[in-house]
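In: please find the sequence and the predicted model below.
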Amino acid sequence: MDDQNPMPVTRPILILGMHRSGTSCLAGSLEEAGLFLGEVNTKAGFNAKGNRENRTIMELHDQVLARVGASWDRPPTLDPVWTSSETNNFEQAIGTFGTKQVWGLKDPRSLFMLNNWQDLADPRFIGTFRHPVAVAGSLIHRAKIWKKPMDETQAFAMWQSYNQRMLQQHETHAFDIIRFDIPAAEYLTKLKIAGDQLGLEVPEHPKFLDGDLQHQHSEETDIPDSLIKTWEALNDLAA
């Protein structure tokens, strides 16, 4: 990295979680608390306030996944090892975040890039999760709109893969994990606690939390047996 584009000296915060599980809400809320996300999408078809993703980083993640025959909806079993060229590309991308501000990234794909991110930037973490039935329903609905049908089996498999990876990371690097589909007041309380741990001051009334968060009583919906252990482990950590 040359002097014109130095590597940031602060440790980034990676926002972890499965797609359609509140990662955008968490990223936007932390952005209001002072987390610098760089240039992010502020409008998206399925996120009225934007998915808060840095397009350059997201595309780099996609390229790595494609190289190993994987994709966001068919994640790899093991973290891909970045090539030297890919590492250089990531270094250049995060060099744009500057050298002083507390910065971070939100992209669910990063769950399958953690070994590389740890070598590159020694990040800190925060996670989010959501009831698997709600996630599957959201994924399937979006896929229909995109005219790329997804069935429940694939959606549940994705939920398991992403959340298992987050649990594995938590075993070696403990961090706060917040459940998304809980009452807004409870969510805000947990968010403030997590923000304090990261050195971020969450405002009393984050604009990103506009009352849309509602308890969805998903507990009344049966969870596939294959997901119960993961679901219970996530809730234990979020308690």
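Out: Happy to help now that I have it.

In: what about the helices in the protein?
Out: 23-32, 55-67, 84-95, 114-121, 132-145, 152-172, 184-197, 225-238 (DSSP state H).

In: and the longest one, which residues are buried?
Out: Buried residues in helix 152-172, counting neighbours by 16 or more other C-beta atoms under 10 Å, are found at 154-167, 169-170. The way it works is simple: take the backbone N, C-alpha and C, and place the C-beta from them, glycine included.

In: what sits up against that helix?
Out: 16-19, 21, 73, 75, 108, 111-112, 114, 125, 127, 129, 132, 135-136, 139-140, 175, 177, 224, 226-227, 230, 233-234, 237 (C-beta atoms under 8 Å, 6 or more residues apart in numbering).

In: just the CA coordinates of it, formatted as CSV?
Out: Only the C-alpha atoms of helix 152-172 are listed here, as CSV (Å, rounded to 0.1, in the frame of the first residue of the first chain):
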residue,chain,number,x,y,z
GLU,A,152,-37.8,-23.5,1.2
THR,A,153,-35.2,-26.2,1.4
GLN,A,154,-32.5,-24.0,-0.1
ALA,A,155,-33.6,-21.0,2.1
PHE,A,156,-33.4,-23.1,5.3
ALA,A,157,-30.0,-24.5,4.2
MET,A,158,-28.7,-21.0,3.7
TRP,A,159,-29.9,-19.9,7.1
GLN,A,160,-28.2,-22.8,8.7
SER,A,161,-24.9,-22.3,6.8
TYR,A,162,-24.6,-18.6,7.6
ASN,A,163,-25.6,-18.8,11.2
GLN,A,164,-23.5,-21.9,11.9
ARG,A,165,-20.5,-19.9,10.6
MET,A,166,-21.4,-17.0,12.9
LEU,A,167,-21.6,-19.3,15.8
GLN,A,168,-18.2,-20.8,14.9
GLN,A,169,-16.7,-17.3,14.9
HIS,A,170,-18.2,-16.5,18.2
GLU,A,171,-16.5,-19.5,19.8
THR,A,172,-13.1,-18.0,19.1
